[in-house]
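Novice: Just a sequence and a predicted model for now, questions to come.
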Amino acid sequence: MIAGLGDNTLALYLDAAPWLLLGLLAAGLIKAWVADSLLLRWLGGKGIWPVVRAALIGAPLPLCSCGVLPAALGLHRGGASRPATVSFLIATPETGADSIAVSYALLGPLMAVVRPLAAILSAITTGLLTTLVPVTSPANTAAAEGCSSDCCNSGCTTPQPPARTGALATTLQGLRYAVTDILDDIALWLAIGIVLAGVVATLVPPQALAAWGSGLPAMGVMLLVGVPMYICATASTPLAAALLLAGISPGTVLVFLLAGPATNIATLAVVRKELGDRILATYLAGIALSSITLGLLLDWLLGRWGVDVVAQMGEGGELIPSWLAWLSGTILLLLAIRPLRRRIFELKVES
């Protein structure tokens, strides 16, 4: 049991590491090159359009439920509204250019179209539900304003970025913000979440889901197991193909494809810390209601039209080589340990 837990936790960490680094890169570039005024114009304010735009922006990005966290925090602290941030948090990990390609190869053309459309609808629905939550003063005001952990502990005001002197300096300033402020805020919760996700993977193997059949009870089981589990949109596709071959209905598999990548324990912890308990509850309720509704609708439509999804399925392979996962995991660990990170920056300055 202990050995299995260690293996599963390490595997989850290595799966997440490349996407986490990609998310930090996206957050750094957003901080460096996207003006706060532009974020406020596109993703700030009330109404449906910021929520819709956030879903459409996030849907093609190849980020998992952990990798999207730093990018979403960067957007929120740059001026994106809470509903738009929630919409981005859901649409981005549920689908992406990479997962759409893998879906076409493994699940067939119909599911390759249905999956991103369902992800966008789920994100918009949950984002709009978030607009019903009354705005309260955030518990983590300093974090919401973008203040670093060390600085906030000393009671300072939000730091202002230094003057930019060129494209390279601008980019490096944004990346430094991502691997310090944002990474420090999410590192502990990510570590706790990945360990707990390893526990879930050890106690409830994903292959055991195939025994639950189809219909509303099976969708409920997919939802309950998928919410705490860490699995990215691309990695969930082969499992979805196995579930379809085992006789699970496409609608039930869609629930897993939406709820699994959109949530995990680490994501929930960071959402609670950044946006509060009420937004977290709305986030979970929106994903649950939209995924089950869309799953039931898909099964009904396929039955009415007589479409056989299994007949459209193909084969695919792994996308992330093991050497890249190990390299990403090592880099992420070095960046997450503050003394090592400070030493790396000092060596860079000295050189």
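Specialist: Here it is on my side, so go on.
Novice: What segments of the stretch 201-350 of the chain are helices?
Specialist: Assigned by DSSP state H, counting those that start in this stretch, the helices in the stretch 201-350 of the chain fall at 216-226, 233-245, 250-262, 265-275, 277-305, 322-336, 338-350.
Novice: Now do the longest one against helix 216-226: the angle between them, please.
Specialist: Compare the direction of helix 277-305 with that of helix 216-226 by axes from the mean of the first three to the mean of the last three Cα atoms, to 10 degrees and you get 140 degrees.
Novice: what packs against helix 277-305?
Specialist: Packing partners of helix 277-305 (3 or more Cβ pairs under 8 Å, 6 or more residues apart in numbering; DSSP states H and E): helix 82-94, helix 109-130, helix 216-226, helix 250-262, helix 265-275. Using the backbone N, CA and C atoms, a C-beta is placed for each residue, glycine as well.
Novice: shaky segments in the stretch 201-350 of the chain?
Specialist: Applying pLDDT under 70 to the stretch 201-350 of the chain picks out residues 201, 204-213, 234-235, 238, 313-319, 344-350.
Novice: before we move on, back to that, need the helices and strands packed on helix 277-305 in TSV with mean neighbour count, can you?
Specialist: Converted to TSV, the helices and strands packed on helix 277-305 look like this (neighbours: other Cβ atoms under 10 Å):
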stretch	mean neighbour count
helix 82-94	30
helix 109-130	22
helix 216-226	19
helix 250-262	29
helix 265-275	22
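Novice: Quick check: the gap between residue 290 and residue 258.
Specialist: 7 Å (Cβ to Cβ, to the nearest Å).
Novice: Equivalent analysis for residue 288, please.
Specialist: Applying Cβ to Cβ, the value for residue 288 to residue 258 is 10 Å.
Novice: How about residue 242?
Specialist: To residue 258, residue 242 is 17 Å away according to Cβ to Cβ.
Novice: now do residue 93
Specialist: Residue 93 is 10 Å from residue 258, by Cβ to Cβ.
Novice: And residue 8, by the same measure?
Specialist: 23 Å.
Novice: cool, and residue 323?
Specialist: Separation of residue 323 from residue 258 (Cβ to Cβ) stands at 31 Å.
Novice: What is the burial count for residue 281?
Specialist: For residue 281, the count of nearby residues is 12 (other Cβ atoms under 10 Å).
Novice: Kindly report the same for residue 301.
Specialist: 13.
Novice: on that earlier part again, kindly reformat the helices and strands packed on helix 277-305 as TSV containing distance to residue 334.
Specialist: Putting the helices and strands packed on helix 277-305 into TSV (distance: least, Cβ to Cβ, whole Å) gives the following:
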stretch	distance to residue 334
helix 82-94	25
helix 109-130	33
helix 216-226	32
helix 250-262	27
helix 265-275	20
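Novice: Which one of these lies nearest to residue 16?
Specialist: For the helices and strands packed on helix 277-305, the distance to residue 16 is smallest for helix 265-275, at 8.4 Å, taking Cβ to Cβ.
Novice: Tell me how far that closest one lies from the chain's centre.
Specialist: 11 Å (Cα atoms, centre = their mean, to the nearest Å).
Novice: Report all helices and strands that the host helix or strand of residue 175 contacts.
Specialist: Secondary structure from DSSP states H and E places residue 175 in helix 167-177. With contacts defined as 3+ Cβ pairs under 8 Å, 6+ apart, helix 167-177 has these neighbours: helix 2-33.
Novice: residues of the helix it packs on that come out buried?
Specialist: 8-9, 12-32 (16 or more other Cβ atoms under 10 Å).
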